[in-house]
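Asks: My questions concern the predicted model and sequence given below.
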Amino acid sequence: MEVNRDEAERCIDIATAALTDDQPEKAQRFLEKAQRLFPTEKAKVLLELIAKNGFTPRQGSHSDFSGASGSRHRQGNSEDATPDEKSPDTSKSYTADQLDAVRRIKRCKDFYEILGVQADASEDELKRSYRKLALKFHPDKNHAPGATEAFKAIGNAYALLSNANKRKQYDQCGDEKQHPSRNSPDNGNFEPDISPEDLFNMFFGGGYPASSANVYTNGRMRFQRPERRERQREGGFALFVQVMPILILVIVSALSQIMVNSPPYSLSYRPSAGYTQKRLTENLKLPYYVGEQFFREFTGLNLKNLERTVEEDYVSNLRNNCWKEKQQKEGMLYRARYFGDNDLYQRAQRARTPSCAKLSEITA
């Protein structure tokens, strides 16, 4: 069933978005499908909340599926107002418990109190507390006044306390510790390295389901960055892995060129770079060119072995060239006969095969 996990997560995301859009029937269908694919505690809790609360659709309202109890409050105009008279902000409801939770965050005096942990809390305890509070106070879920500021304070608190160096500096400040949501020119050392929105995305894999296109900053919505630092790092490593075989191939080719010694002779018909001295083999009197250092390196038996190799290579080249010349001449004769071209036939008859003639002369 592990293979169905991704599909189940996708169904849960669709269901969560449907709940936010006041579509409980659609949400229930996708949650039940998710449970069949890969049972999770998250889908189970949402199904229980749907069964318990009903999530009755209301015009322009967002459902609260956190399980918090309490009476519903409306901001702005009364419920007797028509939908056309209500602004988008006043249509969002919240509970008394949500409002009390926001006020509690604002009353906190330090980072540890924000997250509800002790000063000696471990990294796992910080993570568990942040996960719980971030979901509870996310602006798409908690519409109580000040929820956005509380959400930012929670993110800033975790971002700082999860950094060992900054946490140590913070603990040494004593009474000078500041609330994470307060900005002060003297608070530079306690600025988090990541925004609350990016931190939330890192924890919950791409953002809150109902707000995949935007995030909240200072109470306003802005478009979410499509790429994060983690993806950039992974992209750079993937690019390095792809380029590595090419780099290895280039390095090996360069080394092979350096390590392979140049041959001591050349069978070219004229002098070339590094081969300026003309010689004839002792046996067949075949010409070849050598370098200036040749006479120091090859003498006696070494010279005889080398000239034997020169003659074998020379004869092998003649055989190859002779075969090509014969193929070319036979091709011309074939075309002349096929097309009845007397001129081409005469040229083919006159065509010379110098390599064949030279080969015959040597082997005679």
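Replies: Right, received. Where do you want to start? On a predicted model such as this, the values are computed, not experimentally measured, just so you know. Residues are numbered from 1 along each chain as shown.

Asks: Could you pull up the mean pLDDT of stretch 291-302?
Replies: Averaged over stretch 291-302, pLDDT sits at 86.

Asks: Endpoints of that stretch, how far apart?
Replies: 16 Å (Cα to Cα, to the nearest Å).

Asks: and that stretch, which residues are buried?
Replies: By neighbour count on 16 or more other Cβ atoms under 10 Å, the buried set for stretch 291-302 is Gly291, Phe294, Phe298. The way it works is simple: take the backbone N, C-alpha and C, and place the C-beta from them, glycine included.

Asks: How about stretch 29-36?
Replies: Buried residues in stretch 29-36, defined by neighbour count with 16+ other Cβ under 10 Å: Phe30, Leu31, Lys33, Ala34, Gln35.

Asks: Pull the distance from it to the chain's centre.
Replies: In terms of Cα atoms, centre = their mean, to the nearest Å, the centre of stretch 29-36 is found 31 Å from the chain centre.

Asks: ditto for stretch 340-358
Replies: Counting by Cα atoms, centre = their mean, stretch 340-358 comes out at 64 Å from the chain centroid.

Asks: Next: stretch 138-148.
Replies: Using Cα atoms, centre = their mean, the offset of stretch 138-148 from its chain centre is 33 Å.

Asks: Name the nearest residue to Ile29, sequence neighbours excluded.
Replies: No, residue 29 isn't Ile; it's Arg. In space, and not counting its chain neighbours, Arg29 is closest to Ala15: 7.9 Å by Cβ to Cβ, 6 or more residues apart in numbering.

Asks: Can you get me a residue count around that neighbour?
Replies: Using other Cβ atoms under 10 Å, Ala15 has 28 neighbouring residues.

Asks: Now do the contacts for it.
Replies: Lys26, Ala27, Gln28, Arg29, Phe30, Leu31, Ala34, Ala43, Leu46 (Cβ atoms under 8 Å, 6 or more residues apart in numbering).

Asks: quick one: which two of the residues you listed are the most distant?
Replies: The largest distance within those, taken as Cβ to Cβ, falls between Lys26 and Ala43 and amounts to 14.2 Å.

Asks: Report the buried residues of stretch 105-118.
Replies: By neighbour count, with 16+ other Cβ under 10 Å as the criterion, the buried positions of stretch 105-118 are Ile105, Cys108, Asp110, Phe111, Tyr112, Glu113, Ile114, Leu115, Val117.
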